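In: I would like the atomic coordinates for the input below:
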Amino acid sequence: MSQAMSSRIFCKFQNRIICCLLRVVHAKPWKRYLIALTLIATVYVVLRQWDNQNSWLNYLLLNGDFGIDFDNFDNVLGAAFPIVPNIIHFIKIGNKSDLTFEELVCIKAAWLAQKPERILIHCDYCDYLKSGKYWSQVTRIPNLNLVPVSVPTHVWGRKLSSLHHASDVLRIRILQRYGGIYLDTDVFLIKHLDFYRRFELAIGVPPKQYLGTQVIVGHRSSRFLRLWLESYRYYKPDRWYYNAGELPTTSILFKKPTIVHAVPWDFGVHDLRAVLYNACSPRWRDFRAIHLLSRHRLDGVKPGDGRPISFNEENIKSYKKTFGEMARSVMYGQYGIISDDRPPLPPLLVALTNFSALPRYCKDKYFLGQWKFTSAISMFENEPDAINFFNLWGY
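Out: A predicted model of the protein is given here:
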């Protein structure tokens, strides 16, 4: 096609656009309204169909960093809008088994509280999850996907000593790839975490304690994530929580206290077993999340204390402690004891429940536990960096 012909075609196309615009300008008012409504509807349909997994904001959060200079970022006040994508990550690795009942409860609670764009379960034996007892209930949770992963065996050339250490490394790498909200599979989300999505990275650090890795809200370019992974060059395979909690607290957070938003209580990563399983208190609602410590739930259990060896959708109906009220709220849409054989409700129906209008079951019937209490790590009492860190964050 010659250049002259191309120019003529372009001019004709340009003239038609100008004519159309002039017709709209001079059209009768009702026609202008009709055209405007048509354009709005068209744009709406296009945006809805553009990506059924992500909102436009989430797409930008995943594919661009907004030019954020975290070197000068204020993690006390945060950004004016969310900079962390509304995606929840769980990790399920290392065993060919179904999700436990507590894991089902926590995944369901996460969707109900956060309404994320996606829930990603990163798993190495994903097919086993699909064939498990609770999978039919999991599939009712909107926008949930299984993501096959390879379990890390080494970090910086050193062999990882356990699956738990592999999970610690994997959660850092997942957040560096996607950003978002990481939750342990036994973390019960009570309220949404959108406030914390405005920070470079938010993490629970109970007073005079090491950080908790069970709840992390972070941007994929977070400085702390990079330094945290780098600290695994000093990996100690025989120390259970050294690289996950102790070293990053003392060598990163205490030295650079403003590279995260420290959360003292709201993430519930301190030990709350006494008030979850030995009391019936309504104060669990004071938190945004609570770590259930499911693997350690039976530590120190005495015969006849009424604590089930394992929970399921039937015995939770009559469980009279705090966790019973919590689990019933997401499984059945009510707080009180259930005496019939009703099945669990789908999450979309639970989401319609007006919980503020429901009578609460727990009223500190057994004893008033200490919901905000930790035993201080002795080395922090006189350590200047530790004192400065906790003072900075108002502990």
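
In: Tell me how many other residues crowd the residue nearest to D71 when sequence neighbours are not counted.
Out: Excluding its sequence neighbours, the residue lying closest to D71 (CB to CB, 6 or more residues apart in numbering) is R223, at 8.0 Å. Where you see a C-beta, it was placed from the backbone N, CA and C, and this is true even at glycine. Using other CB atoms under 10 Å, R223 has 19 other residues around it.

In: do N388 as well
Out: 13.

In: was I right about H192 contacting Q114?
Out: Yes - assessed by CB atoms under 8 Å, H192 is found in contact with Q114 at 5.0 Å.

In: So which of the two has more stuff around it?
Out: Of the pair H192 and Q114, Q114 is the one with more neighbours under other CB under 10 Å, namely 22 against 17.

In: Need the pLDDT of the more buried one.
Out: If you check Q114, the pLDDT there is 98.

In: who's in contact with it?
Out: N86, I88, I181, L189, H192, L193, D194 (CB atoms under 8 Å, 6 or more residues apart in numbering).

In: How about E103: what's its closest non-neighbour residue?
Out: Closest to E103 by CB to CB, 6+ apart is T185, at 4.4 Å.

In: picking that back up, so which of the contacts of Q114 sit within helices?
Out: In helices, judged by DSSP state H, none of the contacts of Q114 are found.

In: Just the buried ones among these, please.
Out: N86, I88, I181, L189, H192, L193 (16 or more other CB atoms under 10 Å).

In: Out of those, name the ones that lie in strands.
Out: Mapping these onto strands (DSSP state E) picks out I88, I181, L189.

In: sec struct for the residue lying closest to V105 once chain neighbours are set aside, please.
Out: Sequence neighbours aside, A327 is the residue nearest to V105 in space, at 5.0 Å (criterion: CB to CB, 6+ apart). Here A327 is recorded as helix under DSSP: H, G, I helix; E, B strand; the rest coil.

In: how near is A327 to R118?
Out: Distance, A327 to R118, by CB to CB, to the nearest Å: 24 Å.

In: next one: V169
Out: V169 is 22 Å from R118, by CB to CB.

In: before we move on, what about S136?
Out: 20 Å.

In: And those two? Which one has more around it.
Out: Using other CB under 10 Å, the more surrounded residue of S136 and R118 is R118, with 20 against 9.

In: Torsion angles phi and psi at that one?
Out: phi -150, psi 150 (degrees, to the nearest 10).

In: Hmm, it is touching A110, no?
Out: No - using CB under 8 Å, R118 makes no contact with A110, being 11.3 Å away.

In: got any residues that touch both of these two?
Out: I88.

In: Please settle this for me: is S356 part of a helix?
Out: Yes - looking at S356 with three-state DSSP, it is inside a helix.

In: What are the neighbouring residues in contact with the closest residue to Y232 other than its chain neighbours?
Out: In space, and not counting its chain neighbours, Y232 is closest to V155: 4.5 Å by CB to CB, 6+ apart. For V155, the contact set (CB under 8 Å, 6+ apart) comprises V169, Y232, Y235.

In: Buried ones among these?
Out: By 16+ other CB under 10 Å, those give V169, Y232, Y235 as buried.

In: Tell me the one of the residues you listed nearest L348?
Out: V169 (35.5 Å; CB to CB).

In: So the closest one versus L160, what's the distance?
Out: Distance, V169 to L160, using CB to CB: 7 Å.

In: Between the two, which contacts overlap?
Out: Common neighbours of V169 and L160 (CB under 8 Å, 6+ apart) are P152.

In: Any stretches of the chain with poor pLDDT?
Out: Scanning the chain with the threshold set as pLDDT under 70 gives 1-28, 30-33, 35-36, 38, 40-67, 298-307, 365-369.

In: quick one: the helices in it?
Out: Counting by DSSP H, the helices of the chain are 3-26, 29-50, 56-63, 101-114, 126-130, 135-138, 163-178, 223-230, 247, 273-277, 322-331, 347-350, 384-392.

In: helices or strands up against the last one?
Out: So the one you mean is helix 384-392. Here helix 384-392 touches no other helix or strand, going by 3 or more CB pairs under 8 Å, 6 or more residues apart in numbering; DSSP states H and E.

In: and for that helix, what are the contacting residues?
Out: So helix 384-392 is contacted by P207, K208, T250, L253, F254, K255, P257, T258, A262, M379, F380 (CB under 8 Å, 6+ apart).

In: Can I get that helix in CSV? Just the C-alpha atoms.
Out: The C-alpha trace of helix 384-392 is given here as CSV (Å, rounded to 0.1, in the frame of the first residue of the first chain):
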residue,chain,number,x,y,z
PRO,A,384,19.7,-1.3,73.8
ASP,A,385,18.6,-2.3,70.3
ALA,A,386,15.7,-4.3,71.6
ILE,A,387,14.6,-1.4,73.9
ASN,A,388,14.8,1.1,71.1
PHE,A,389,12.8,-1.2,68.8
PHE,A,390,10.0,-1.8,71.2
ASN,A,391,9.9,1.9,72.3
LEU,A,392,9.7,3.0,68.7
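
In: Number of residues surrounding the nearest residue to D194 once chain neighbours are set aside?
Out: Sequence neighbours aside, P82 is the residue nearest to D194 in space, at 6.4 Å (criterion: CB to CB, 6+ apart). P82: 20 surrounding residues under other CB under 10 Å.

In: Give me the distance between P82 and T153.
Out: 35 Å.

In: If anything else comes up later, I'll come back, but that's it for now.
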